[in-house]
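Chemist: Give me coordinates for this.
(chains A and B)
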Protein chains: 2
Amino acid sequence: MIDGIRERLLVQPGRAAGIRDRDPADRLGLDGKEESQELVDTLILELRGLQERLWAEARRSLLVVLQGLDTSGKDGTIRHVFHGVNPQGCRVASFKVPTVTELAHDYLWRVHAVCPARGEIGIFNRSHYEDLLVVRVKKLVPRAVWRRRYRHVRELERILAEEGTTIVKVFLHISPGEQRERLQARLDDPEKRWKFRAADLEDRALWDAYTDAYEDALTKTSTAWAPWYVVPADRKWVRNAAVASLLVETLRELDPQFPEPAEDMSGIVVE
Amino acid sequence: MIDGIRERLLVQPGRAAGIRDRDPADRLGLDGKEESQELVDTLILELRGLQERLWAEARRSLLVVLQGLDTSGKDGTIRHVFHGVNPQGCRVASFKVPTVTELAHDYLWRVHAVCPARGEIGIFNRSHYEDLLVVRVKKLVPRAVWRRRYRHVRELERILAEEGTTIVKVFLHISPGEQRERLQARLDDPEKRWKFRAADLEDRALWDAYTDAYEDALTKTSTAWAPWYVVPADRKWVRNAAVASLLVETLRELDPQFPEPAEDMSGIVVE
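Modeler: Numbering: from 1, shown residues only, chains lettered A, B, ... in the order given. The predicted model follows:
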């Protein structure tokens, strides 16, 4: 466990996120890859146990929102941090360009539909935040439309939280230099080339606009009931240890319990 | 059209609903059944035309929430007022006791899922308001849980409204005497007896508690973007004329338009 991980990465509700002042290459006090891997292995074991209890308890749920620019490591985080959990109680929702049916409803309709049920861990690979980010940067909707969405999102998250979902929102924070290397690696490696899209370069050119949009989104939607954490993600091993620590600390606090048997079974003998 | 129908029946946002001070037998200035039926027929024709344009425009939607005590006429209102509209663009959602899957999510999950798509008219026969009403009266959840739901509901409705759904909420207001007659009629008429449930009498015994719960719900959730209307429903012909007038006046104001053709087709000759 990285000590005080939540306090260190938290976007304090009501305060500026200050993304630009945070170091994407922060080691969070970890010595190196090996130490980090050991830590992650231990945390994954604990996460597995906590999830089992969350699932058995079936009263509350956990929603993990993963956001970050291209190559920030959303897929990698899911692969590394969640590979130990029981897939029956864990569902990943990846939000792509909305379908015609989805566009026929409000932008939160498809999001609400795949929120985790009681006992489940839900992971959003991208999320409703795209409707505050990409639509703003690419000017897909007028300013008046995306501006009011901060409130929408805060309030939908409040509903989820008050009805039993714990929400952890993670912004994977990388530097432009690290992104350059990762994009180049995708181009150079025949096994990674399928991941490269020409649009990645268009988005890269909009780096500042995206950072502004993230700064606003994190500042305006980090709340007591659905906080944002800025995870330094230039080093994958720091990122994994940080996300695993965040989740374990959150679930420890939730402290899910195996349910009591419905009736006293102490006298029962199976013959 | 009943003149000024919305102003007359509106629960002014921020003001007490005052259900007990409103007359369930109000005629709203209508002379009698015959005059009312003529009016309803005219309004239904207009409603049909407005719905056709709403559907063709496919940019906005209308959500009609119908609430009221047993026998207040929710089914009858749907039958009489909506029988003329094109069912392709109109969907009725009836909210029964939640299923196990529905209970595994927050109470608004199943509601959001069936909200009308752009172009559609959605009709809720009972609704998310049951989770502020029956759960309170029957003490199904603690006070702290239902109290915070007023805000949830206001804010989800704000999301829907700001994203393109016009919301009209109708409370069908009947008197205890009228309910007695309708329940008795159900018992006495072999063709209506299937509608009678023993639980109707239990609910009837809780009349005051339900009225208190409705008074609070209407007061706290009538907003500029999702207003409540209290429709006098002791007389079915008044009720039908009032609901039809409300909907037509709302849709007239929306003024949906047939979309412009995507390109100029003036020169095209079909040979």
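
Chemist: now the strands for the stretch 151-271 of chain A?
Modeler: A:165-173, A:228-232 (DSSP state E, counting those that start in this stretch).

Chemist: Dump these to CSV, plus mean neighbour count and distance to chain B.
Modeler: All C-beta spots, glycine's among them, are computed from the backbone N, C-alpha and C. Below are these laid out as CSV (neighbours: other Cβ atoms under 10 Å in any protein chain shown; distance: least, Cβ to the nearest Cβ, whole Å):
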stretch, mean neighbour count, distance to chain B
strand A:165-173, 23, 7
strand A:228-232, 25, 20
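
Chemist: Need those strands in TSV (columns: mean pLDDT).
Modeler: Output for the strands of the stretch 151-271 of chain A, formatted as TSV (pLDDT from 0 to 100):
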stretch	mean pLDDT
strand A:165-173	98
strand A:228-232	98
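
Chemist: nearest to B:R143, of those strands?
Modeler: If you check each of the strands of the stretch 151-271 of chain A against B:R143 by Cβ to Cβ, strand A:165-173 wins as the nearest, at 21.2 Å.

Chemist: how far does the closest one sit from the chain's center?
Modeler: Centroid displacement of strand A:165-173 relative to its chain, using Cα atoms, centre = their mean, to the nearest Å, is 4 Å.

Chemist: Which neighbouring elements make contact with that strand?
Modeler: When contacts are defined as 3 or more Cβ pairs under 8 Å, 6 or more residues apart in numbering or on different chains; DSSP states H and E, strand A:165-173 packs onto strand A:61-68, helix A:74-82, helix A:149-162, helix A:207-221, strand A:228-232, helix A:236-254.

Chemist: Next, the angle from that strand to helix A:74-82.
Modeler: If you take axes from the mean of the first three to the mean of the last three Cα atoms, to 10 degrees, strand A:165-173 sits at 130 degrees to helix A:74-82.

Chemist: Extract the residue ranges of the stretch 151-271 of chain A that are flagged as low pLDDT.
Modeler: Across the stretch 151-271 of chain A, the ranges flagged by pLDDT under 70 are A:262-269, A:271.

Chemist: repeat that with 90
Modeler: A:185-201, A:258-271 (pLDDT under 90).

Chemist: ok, back up a step: between the strands of the stretch 151-271 of chain A, which gets nearest to B:R148?
Modeler: For the strands of the stretch 151-271 of chain A, proximity to B:R148 was assessed by Cβ to Cβ; strand A:165-173 is nearest, at 14.3 Å.

Chemist: Which neighbours in the sheet does that closest one have, and how are they oriented?
Modeler: Partners of strand A:165-173 in the sheet, by DSSP bridges, are strand A:61-68 (parallel), strand A:228-232 (parallel).

Chemist: since we're on the closest residue to A:W207 other than its chain neighbours, how many residues are nearby?
Modeler: Distances taken as Cβ to Cβ, 6 or more residues apart in numbering or on different chains place A:P176 nearest to A:W207, at 5.7 Å, with adjacent residues excluded. Other residues lying near A:P176 total 12 when counted by other Cβ atoms under 10 Å in any protein chain shown.

Chemist: Ok, the one 5 residues further on next?
Modeler: Using other Cβ under 10 Å, A:E181 is surrounded by 13 other residues.

Chemist: same question, A:K220
Modeler: As a burial measure, A:K220 scores 19 neighbours (other Cβ under 10 Å).

Chemist: likewise A:P116?
Modeler: By other Cβ under 10 Å, the residues close to A:P116 number 26.

Chemist: Please apply the same query to A:H128.
Modeler: Based on other Cβ under 10 Å, the number of other residues close to A:H128 is 22.

Chemist: try A:S127
Modeler: 21.

Chemist: Enumerate the beta-bridge partners assigned to the residue lying closest to A:A242 once chain neighbours are set aside.
Modeler: Nearest residue to A:A242, sequence neighbours excluded (Cβ to Cβ, 6+ apart): A:V231, at 4.7 Å. Listed by DSSP bridges, the beta-bridge partners for A:V231 are A:L172.

Chemist: so who does A:V231 touch?
Modeler: A:9, A:170-173, A:239, A:242-243, A:246 (Cβ atoms under 8 Å, 6 or more residues apart in numbering or on different chains).

Chemist: go again using 7 Å as the cut-off
Modeler: Taking Cβ atoms under 7 Å, 6 or more residues apart in numbering or on different chains as the criterion, A:V231 is in contact with A:9, A:170-173, A:239, A:242-243.

Chemist: Quick one: name the residues of the stretch 101-250 of chain A near chain B.
Modeler: Taking Cβ under 7 Å from any Cβ of the partner chain as the contact definition, the stretch 101-250 of chain A meets chain B at A:104-109, A:112-113, A:115, A:117-118, A:148, A:152, A:155-156, A:159-160, A:162-164.

Chemist: Am I right that A:F171 is in contact with A:V230?
Modeler: Yes - using Cβ atoms under 7 Å as the test, A:F171 is close enough to A:V230 to be in contact (5.0 Å).

Chemist: Give me the number of neighbouring residues for A:R136.
Modeler: Around A:R136 there are 22 residues (other Cβ under 10 Å).

Chemist: before we move on, back to that, save the contacts of A:V231 as CSV, and put in distance to B:L66 too.
Modeler: Formatted as CSV, these follow (distance: Cβ to Cβ, whole Å):
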residue, distance to B:L66
A:L9, 47
A:V170, 42
A:F171, 43
A:L172, 46
A:H173, 49
A:R239, 51
A:A242, 50
A:V243, 46
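
Chemist: leaving aside the residues next to it on the chain, what's closest to A:L69?
Modeler: Distances taken as Cβ to Cβ, 6+ apart place A:Y210 nearest to A:L69, at 6.0 Å, with adjacent residues excluded.

Chemist: now swap in A:T101 and tell me
Modeler: B:A117 (7.4 Å).

Chemist: For that neighbour, which three-state class applies?
Modeler: coil (DSSP: H, G, I helix; E, B strand; the rest coil).

Chemist: ok, back up a step: which residues sit in contact with the residue nearest to A:L69?
Modeler: Residues in contact with A:Y210 (Cβ under 7 Å, 6+ apart) are A:69, A:133, A:137, A:203.

Chemist: Among the residues you listed, name the ones in helices.
Modeler: A:133, A:137, A:203 (DSSP state H).

Chemist: thinking again about what came up before, compute the distance between the residue nearest to A:A242 and A:F258, please.
Modeler: Separation of A:V231 from A:F258 (Cβ to Cβ, to the nearest Å): 31 Å.

Chemist: what do you get for A:K236?
Modeler: 35 Å.

Chemist: So between these two, which is more surrounded?
Modeler: Between A:K236 and A:F258, counted using other Cβ under 10 Å, A:K236 has the larger neighbour count: 16 against 10.

Chemist: Distance-wise, check the more buried one relative to A:P24.
Modeler: In terms of Cβ to Cβ, A:K236 sits 12 Å off from A:P24.

Chemist: returning to that earlier point: nearest to B:D31, out of the strands paired with strand A:165-173?
Modeler: The minimum distance between B:D31 and the strands paired with strand A:165-173 falls on strand A:61-68, with 56.9 Å, by Cβ to Cβ.

Chemist: could you give the mean pLDDT of the closest one?
Modeler: Averaging pLDDT along strand A:61-68 gives 97.

Chemist: CA-only coordinates of it in PDB, if you can.
Modeler: Extracted C-alpha coordinates of strand A:61-68, given in PDB (Å, rounded to 0.1, in the frame of the first residue of the first chain):
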ATOM      1  CA  SER A  61     -21.200  -1.500  -5.600                       C
ATOM      2  CA  LEU A  62     -18.000   0.100  -6.700                       C
ATOM      3  CA  LEU A  63     -17.600   2.200  -9.900                       C
ATOM      4  CA  VAL A  64     -14.200   3.000 -11.200                       C
ATOM      5  CA  VAL A  65     -14.000   5.600 -14.000                       C
ATOM      6  CA  LEU A  66     -10.800   5.600 -16.000                       C
ATOM      7  CA  GLN A  67     -10.100   8.700 -18.100                       C
ATOM      8  CA  GLY A  68      -6.900   9.900 -19.800                       C
END
